[in-house]
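> Need coordinates for the below:
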Amino acid sequence: MKWIVRLIRGLSEVINGWILAGAVAVLLLIIFFVWVSKSGRVRRPGIRYVKTRNGAVLICQCFDREHYQLVGIKKQRRHIILPQTVDGVHKLTDINMNEGENRLRRCKRVRHIHLSATVTNINGKVMRNGYHMNPFFVFPHLKSITVEEENPRFRAEKTMLYQGESKLAAVAPGHVGPVYIGEEIKKIAVSALLDLSTATAFEVAEGNEEYKSADGVLYSKNGKSLLRYPIRKIGPEFTIPEGIRKIKPEAFYSQRYLHKVIMPHSLKRIGRSAFDRCRLLQRVVLNENLQILEERAFLYTKVRELVLPESLRTAEIGSIPAKELILPENLGDISFYDEDDGNRYLRADRLIIKNPALDLEELENEEGKDSVYSCKKIFAYEGSLPYRQIEKVKDAYLIDLYVLPGKKFEEPPQHIGPVNTRWFFEDKDEFSISTPAELAGLSVLCEKELEHEDITIHLKADLDMSQYPNFKPIASFGGTFDGGGHTISNLHIYRPTENRVGLFRSISWGATIKDLHVQGEVTGGNFTGGIVGEWDYFGELENCTFEGKVKGYGYSGKKVGYNRCKG
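Residues are numbered from 1 along each chain as shown. Alright, predicted model coming up:
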């Protein structure tokens with residue numbers, strides 16, 4: 001027994017020795033890291049507070065374990081002089097005020113900022129709840145910018161920051177009076193002219209090849225785009241010149257004096273947040289050729305009546321502050337922007353839907369809450385797609401659903417007429433069809449999500465589809481359909497409460513339809529075409545023609561209703 005006791009004592013001493021040695025090693029390791037951290041020889045990248053020579057404290061963040069970016073100011077001074085390095089090792093290379101806990105904190109004392117030679121990137125795509133911002137937006141009273149001579153990328157003149165010789169990167173938000181754009185400027189950063197709350201006009205040198213100005217407003221040289229309207233430009237009314245096709249995003253953002261804006265006949269598109277925060281804007285006269293109204297276009301304005309033209313095809317309607325909103329019959333593509341709480345709401349008290357194929361179920365957000373259902377009084381044509389959708393949920397959402405007089409629709413039927421699918425075999429990839437029933441069979445097969453990406457179908461004869469009073473379109477097709485120069489005649493499709501309507505609902509990635517001629521009448525909702533409703537990316541439509549009538553409630557066309565490649 002004695003030897004067992006001695007063995008246990010020996011093992012205990014060894015274990016205690018190892019424990020003691022381990023504890024000492026851990027203690028030494030802790031002491032080493034504390035010493036290294038305080039000595040400044042090695043620093044783990046992260047957030048650093050950097051004190052400048054004049055006492056300002058900068059908030060810098062490491063973004064790639066080698067370089068730092070300026071993300072905020074903890075202690076302000078009138079002059080902010082950026083150092084070349086943060087800790088003597090890591091370079092300060094970026095200015096990005098959209099990062100870190102102190103983002104959006106305004107630094108109203110700062111009047112001047114000096115960029116060191118190491119700063120090579122200014123975040124020109126800073127976003128604030130979906131809005132672009134001036135790269136120096138946190139310095140609202142910034143009146144001058146200087147750059148170290150050794151800086152390889154930027155140069156500055158008073159309030160103007162340039163990238164190279166031909167790009168305007170930013171203008172100091174405290175700039176007062178006209179903003180002059182020189183002859184050499186070929187590009188202006190997307191946010192360079194934003195947040196200029198004291199700018200009164202934009203003036204462009206006569207020799208500039210990319211931009212021009214008229215009455216203080218900035219335009220593209222070709223006169224097709226309105227780029228920026230000065231925030232401090234005085235005047236209650238503005239008529240946009242004829243020839244303008246696009247109002248660029250945030251063009252009138254935060255304008256302080258406008259009460260009324262009249263659009264030209266030529267206008268096709270109003271960009272994102274174009275009139276957002278124009279607090280005094282009360283009346284907007286939209287033109288009859290407008291096709292696209294992007295998100296937040298009239299958010300936070302006093303516009304309470306807005307007539308959407310029949311030409312409108314795409315619109316974000318949730319931010320429109322009108323009390324009654326009438327959606328014209330050709331408006332087939334609507335959307336809602338996300339509120340700060342992540343939900344979507346309709347500001348209108350009354351919603352009148354004239355498009356019989358407007359699909360409201362596509363508007364559900366991630367929580368499954370449909371934005372349209374926040375409106376408690378909705379009018380729609382009886383039997384239309386929106387009417388049927390709202391009828392199912394009106395009690396749950398406490399919606400008063402009213403019948404819109406004038407039209408009545410019925411749910412489109414399934415196939416009426418003979419169907420033949422016996423020609424298809426799963427182990428083959430090439431087929432021939434020569435009867436109307438076999439073409440109807442293709443529609444049935446594709447509806448069952450047929451794996452058709454690698455199949456080829458040859459049309460071997462002309463087809464007369466008069467025995468099908470309402471042909472059901474062929475669902476998404478991804479293979480090759482070779483018409484062989486033949487004609488499909490007397491095609492009749494009447495599905496006004498369905499979207500993506502045509503002989504083919506859509507052709508998907510890599511699909512090809514060629515040498516096909518179609519004659520008939522096609523009626524559908526959004527994305528309606530004689531041959532293809534929706535043409536997906538990189539599909540091919542070769543040597544195809546359509547003769548007859550096409551009517552779509554939304555985007556429509558003779559051969560193709562909507563081409564995603566062209567937008």
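> which stretches of the protein form helices?
Counting by DSSP state H, the chain has helices at residues 2-39, 385-397, 436-447.
> what's the least confident stretch among the ones you listed?
Mean pLDDT is lowest for helix 2-39 among the helices of the chain, at a mean of 56.
> bridging residues for the residue nearest to residue 93 when sequence neighbours are not counted?
Closest residue in space to residue 93, ignoring its immediate chain neighbours: residue 67 at 4.5 Å, by C-beta to C-beta, 6 or more residues apart in numbering. Where C-beta positions appear, they are placed from N, C-alpha and C, glycine not excepted. Assessed by DSSP bridges, residue 67 has beta-bridge partners residue 91.
> Could you count how many residues lie near residue 67?
19 (other C-beta atoms under 10 Å).
> before we move on, what about residue 410?
Residue 410 has 10 neighbours, counted by other C-beta under 10 Å.
> How much space separates residue 297 from residue 275?
Going from residue 297 to residue 275 by C-beta to C-beta, to the nearest Å gives 6 Å.
> Oh, that last question was meant for residue 180, not what I typed.
26 Å.
> Who has more neighbours out of these two?
More crowded of residue 180 and residue 275, by other C-beta under 10 Å: residue 275, with 26 against 15.
> Contacts only, for that one.
252-253, 255, 261, 281, 284, 297-298, 301 (C-beta atoms under 8 Å, 6 or more residues apart in numbering).
> Would you mind giving the residues you listed as CSV with distance to residue 428, neighbour count and pLDDT added?
Shown next, in CSV, are the contacts of residue 275 (distance: C-beta to C-beta, whole Å; neighbours: other C-beta atoms under 10 Å; pLDDT from 0 to 100):
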residue, distance to residue 428, neighbour count, pLDDT
252, 60, 29, 96
253, 59, 21, 94
255, 65, 23, 95
261, 61, 25, 97
281, 63, 22, 96
284, 59, 21, 95
297, 52, 26, 94
298, 56, 25, 95
301, 61, 25, 94
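> Sort out which one of these lies nearest residue 310 for me.
Nearest to residue 310 out of those is residue 284 (C-beta to C-beta; 16.7 Å).
> distance of that closest one from residue 245?
For residue 284, the distance to residue 245 - C-beta to C-beta - is 17 Å.
> do residue 410 as well
In terms of C-beta to C-beta, residue 410 sits 40 Å off from residue 245.
> ok, now residue 433?
For residue 433, the distance to residue 245 - C-beta to C-beta - is 45 Å.
> same thing with residue 269?
For residue 269 relative to residue 245 (C-beta to C-beta), the value is 7 Å.
> Identify the residues contacting the residue nearest to residue 93.
For residue 67, the contact set (C-beta under 8 Å, 6+ apart) comprises 90-94.
> Repeat that for residue 475.
Shown in contact with residue 475 (C-beta under 8 Å, 6+ apart): 443, 446-447, 449, 505-506.
> same thing with residue 519?
Counted by C-beta under 8 Å, 6+ apart, residue 519 has contacts 487-491, 546-548.
> Give me the buried subset of those residues.
Neighbour-count burial (16 or more other C-beta atoms under 10 Å) is assigned, among these, to 487-491, 546.
> Kindly reformat these as CSV containing pLDDT and distance to residue 373.
CSV is the format used below for the buried ones among the contacts of residue 519 (pLDDT from 0 to 100; distance: C-beta to C-beta, whole Å):
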residue, pLDDT, distance to residue 373
487, 97, 46
488, 97, 41
489, 97, 44
490, 97, 42
491, 96, 37
546, 96, 38
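> Out of these, which is nearest to residue 110?
Ranked by distance to residue 110 (C-beta to C-beta), the buried ones among the contacts of residue 519 are led by residue 546 at 63.0 Å.
> Excluding sequence neighbours, find me the nearest residue to that closest one.
The shortest distance from residue 546 to any non-neighbouring residue, by C-beta to C-beta, 6+ apart, is to residue 530 (3.3 Å).
> so how many other residues sit close to that neighbour?
Residues within reach of residue 530, counting by other C-beta under 10 Å, total 28.
> Do I have it right that it meets residue 493?
No. If you go by C-beta atoms under 8 Å, residue 530 and residue 493 don't touch, sitting 9.1 Å apart.
> Now do the shared contacts for the two.
502-503, 520, 522.
> low pLDDT regions in this structure?
Counting by pLDDT under 70, the chain contains low-confidence ranges at 1-45, 98-105, 124-131, 340-343, 363-370, 449-453, 537-539, 565-567.
> Is residue 357 in contact with residue 332, as I believe?
Yes. In terms of C-beta under 8 Å, residue 357 counts as a neighbour of residue 332; the distance is 6.6 Å.
> These two: which is more packed in?
Neighbour tally, residue 357 and residue 332, criterion other C-beta under 10 Å: the higher count belongs to residue 332, 28 against 25.
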